[in-house]
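Chemist: Make a model of this:
(2 chains)
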Amino acid sequence: MIATFSQLFVFVFLILQMSPQISLAATAELSVLSCRICHAQSGTSSEIPSLAHKSTQEILNRLKTFLAIKTESTIMHRYMTGYSAVEREDLADYISKFGLVAK
Amino acid sequence: MKTFNRRQALVLSATAATGLLLASPTLGANRPKIVIIGGGFGGISAATVLKTIQPDFDITIVTETDTFSTCPFSNLVVAGLRSLKSITFSYENLAAQGMSIKVGKVTTIDAVKRVLSLADGSNLSFDRCIASPGIEMRFDQIPGYTEELQNLMPHAWKAGAQTLQLRDQLSSMQQGGTFIIYAPNTPYRCPVAPYERASLVAHYFTRHNPTAKILIVDEKDSFAKQALFTQAWELLYSGMITHVPFSETGGIIEVDAKNLEIMTPFENFKGDVVNFIPPQKAPKFLLQSGLGGNGLWCKIDEATFESKHAPNIHILGDAALVGDMPKSGFSASIQGGICAHAVASLMNGEPPKTAVLLNTCYSLVAPDYGISVAGAYRINDEGRLRSIKNTGGASSIDASDEVRKAEASYAYDWYNSLTHLMFG
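Modeler: Now for the predicted structure:
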């Protein structure tokens, strides 16, 4: 039984070691690092809109607006087509839960 | 299912044990040791993100100077709109967060022994190294332009003494004189900055030297945001700035630094002040350590930033070839953050994750008139960090005055936000 467990452990480790495959879907905890370059101080002296204390839905609605309306904003509408619908949702969810802190 | 024999299992157990040791924060003597070369946008962003996600890692930052002056906004200093002090930052907050700051110049990196040597004779060993050391000027490319003569035609392409020198030359230039900016061919640091510089100097001249002329002698035929710059120059500084493309000169053949003259096959250009931005390359210590292969810039795995030429060394920012991303402070910062995650994953034996990386290059054409070019990048099926289709692009040519003003505000806010993230 002990041997089986240790074999299983080694096998799991082997899988981890042998397949450092990069998942192609962007993860929110990494993508958010781009957002915070401009938004880190928003809500204080900055004119860049704040992302603090917003619900997932509020953020997501705004992102969807950027996707639909091309002229309203200066930058964000140029970026929104770069994300899949799932990535936009994950990002909105992450920012709503954790703000812009790296983790 | 893959099977393995007893010997393989032993090797694997040993590897597993090493993996656990490296991953464990409780075993102080074995804290993963990360050395970061470069105290600018890439290096400091990598350091701060890595410290946040892996507080147990032992992080040393090697920087050539004990403060950092940013290239972004140094054109405001050249144009007399901001002090050098206001764009200069100290590393005190990073030291207070528990990172070691070593002021020194790296001379070689030994990837096999995982140790780097410094000019003062000291060595630093590492488990992984993150290098974001920026650029070096190529002083051996253009006849007449040498390291010794560079101050006669300051490049001011690393913020610091030459930034002030160029500012002072411009403020004492004779009335009606000619200011020449020589812009090199790509790739070089901050592709749109020569044109922002021309714009902000024109802003200065309209107030202090209204009959002065600005000539941009360009090694290229066109540049990013050209239509936007041209439109703004016509509106704000009509007739003051002339862009001379490569097709009209055939390119530079020689300079006479003492006479402030640039020679081309078709025409010679003589200025009263010359800002000569030379061709550039990755710093010598990277190339001499074999990290540039046969080229002038460092090739990397664009998902992890690990060198194509040596394991455990990650290179980013201006010194590296990073897919379609431009050599900008914003690019280096986001690359630093993503690289920090990749280094943490690799040290912990986990697969690296991926992201959408953004870059915005703001240009101030006047203090309250901003334009931008934006890009979004992700790893494609071939492992290259490519521009995402139908995404990004420049400010609208039809934008209102309010939008130009808003983009200028955002440029200042971007700068404050990013430098705050880096230096506190």
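
Chemist: Tell me the secondary structure of residue B:363, please.
Modeler: With DSSP: H, G, I helix; E, B strand; the rest coil as the basis, the three-state label of residue B:363 is strand.

Chemist: Count the residues that sit near it.
Modeler: For residue B:363, the number of neighbouring residues by other Cβ atoms under 10 Å in any protein chain shown comes to 27. (Glycine included, C-beta is placed from N, CA and C.)

Chemist: Now do the contacts for it.
Modeler: Taking Cβ atoms under 8 Å, 6 or more residues apart in numbering or on different chains as the criterion, residue B:363 is in contact with B:192-193, B:195-196, B:199, B:225, B:229, B:370-372, B:411.

Chemist: So which of these are in helices?
Modeler: Secondary-structure check on the contacts of residue B:363 using DSSP state H: residues within helices are B:193, B:195-196, B:199, B:229, B:411.

Chemist: How about residue B:385, nearest residue that isn't a chain neighbour?
Modeler: If you skip the residues right next to it in sequence, residue B:385 has residue B:323 as its closest partner in space, 3.0 Å away by Cβ to Cβ, 6 or more residues apart in numbering or on different chains.

Chemist: any idea which element the one you found lies in?
Modeler: Under DSSP states H and E, no helix or strand contains residue B:323.

Chemist: do you know how far it is from chain A?
Modeler: Counting by Cβ to the nearest Cβ, to the nearest Å, the gap between residue B:323 and chain A amounts to 14 Å.

Chemist: before we move on, what about residue B:378?
Modeler: 6 Å.

Chemist: Hmm, that residue is touching residue B:389, no?
Modeler: No - here residue B:378 does not reach residue B:389: they are 10.4 Å apart, not a contact under Cβ atoms under 8 Å.

Chemist: which of the contacts of residue B:363 are close to chain A?
Modeler: Among the contacts of residue B:363, proximity to chain A is found for residue B:372 (Cβ under 8 Å from any Cβ of the partner chain).

Chemist: circling back: make CSV from the ones in helices among the contacts of residue B:363 and add pLDDT to it.
Modeler: Formatted as CSV, the entries for the ones in helices among the contacts of residue B:363 read as follows, by pLDDT from 0 to 100:
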residue, pLDDT
B:193, 98
B:195, 98
B:196, 98
B:199, 98
B:229, 98
B:411, 97
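
Chemist: Nearest to residue A:89 among those?
Modeler: The nearest member of the ones in helices among the contacts of residue B:363 to residue A:89, counting by Cβ to Cβ, is residue B:411 at 30.0 Å.

Chemist: Tally up the residues packed near that closest one, please.
Modeler: Other residues near residue B:411 number 23, with proximity taken as other Cβ under 10 Å.

Chemist: Apart from its chain neighbours, what residue comes closest to it?
Modeler: Using Cβ to Cβ, 6+ apart, the closest residue to residue B:411 is residue B:362 (3.7 Å).

Chemist: show me what contacts that neighbour?
Modeler: By Cβ under 8 Å, 6+ apart, residue B:362 lies in contact with B:370-372, B:407, B:410-411, B:414.

Chemist: So which of the residues you listed is surrounded by the most neighbours?
Modeler: residue B:371 (30 neighbours).

Chemist: Between its first and last residues, how far does stretch B:51-71 reach?
Modeler: 25 Å (Cα to Cα, to the nearest Å).

Chemist: Just checking the helix or strand where residue A:58 lies against chain B, any contact.
Modeler: In this structure, residue A:58 sits in helix A:56-68 according to DSSP H and E. No - contact of helix A:56-68 with chain B is not found when judged by Cβ under 8 Å from any Cβ; the minimum separation is 10.9 Å.

Chemist: what sits up against that helix?
Modeler: By Cβ under 8 Å, 6+ apart, the list of residues contacting helix A:56-68 reads A:51, A:72-73, A:76-77, A:79-81, A:88-89, A:91-93, A:95-97.

Chemist: Hmm, which of these is lowest in pLDDT?
Modeler: Within the contacts of helix A:56-68, residue A:72 has the lowest pLDDT, namely 64.

Chemist: which residues sit in contact with the residue of the stretch 201-350 of chain B found nearest chain A?
Modeler: Across the stretch 201-350 of chain B, no residue is closer to chain A than residue B:337, which sits at 3.9 Å (Cβ to the nearest Cβ). Contact analysis of residue B:337 by Cβ under 8 Å, 6+ apart lists A:30, A:33, A:102, B:45-46, B:49.

Chemist: Could you single out the nearest of those to residue B:158?
Modeler: residue B:45 (18.3 Å).

Chemist: Which helix or which strand is home to the closest one?
Modeler: If you go by DSSP H and E, residue B:45 is part of helix B:41-53.

Chemist: and the following helix or strand past that helix, does that touch chain A?
Modeler: Past helix B:41-53, heading to the C-terminal end, the next element that is a helix or strand (DSSP H and E) is strand B:58-63. No - judged by Cβ under 8 Å from any Cβ, strand B:58-63 makes no contact with chain A; its nearest approach is 14.2 Å.

Chemist: for the next helix or strand after strand B:58-63, the distance to its chain's centre please.
Modeler: Towards the C-terminus, the helix or strand next in line after strand B:58-63, according to DSSP H and E, is strand B:67-69. Here the centre of strand B:67-69 is set off from its chain's centre by 14 Å, with Cα atoms, centre = their mean, to the nearest Å.

Chemist: Give the rounded mean pLDDT of the very next helix or strand once past strand B:67-69.
Modeler: From strand B:67-69 onward toward the C-terminus, using DSSP H and E, the following helix or strand is helix B:74-78. Averaging pLDDT along helix B:74-78 gives 98.

Chemist: for chain A, where's the lowest mean pLDDT among helices and strands?
Modeler: helix A:2-18 (a mean of 45; mean pLDDT, DSSP states H and E).
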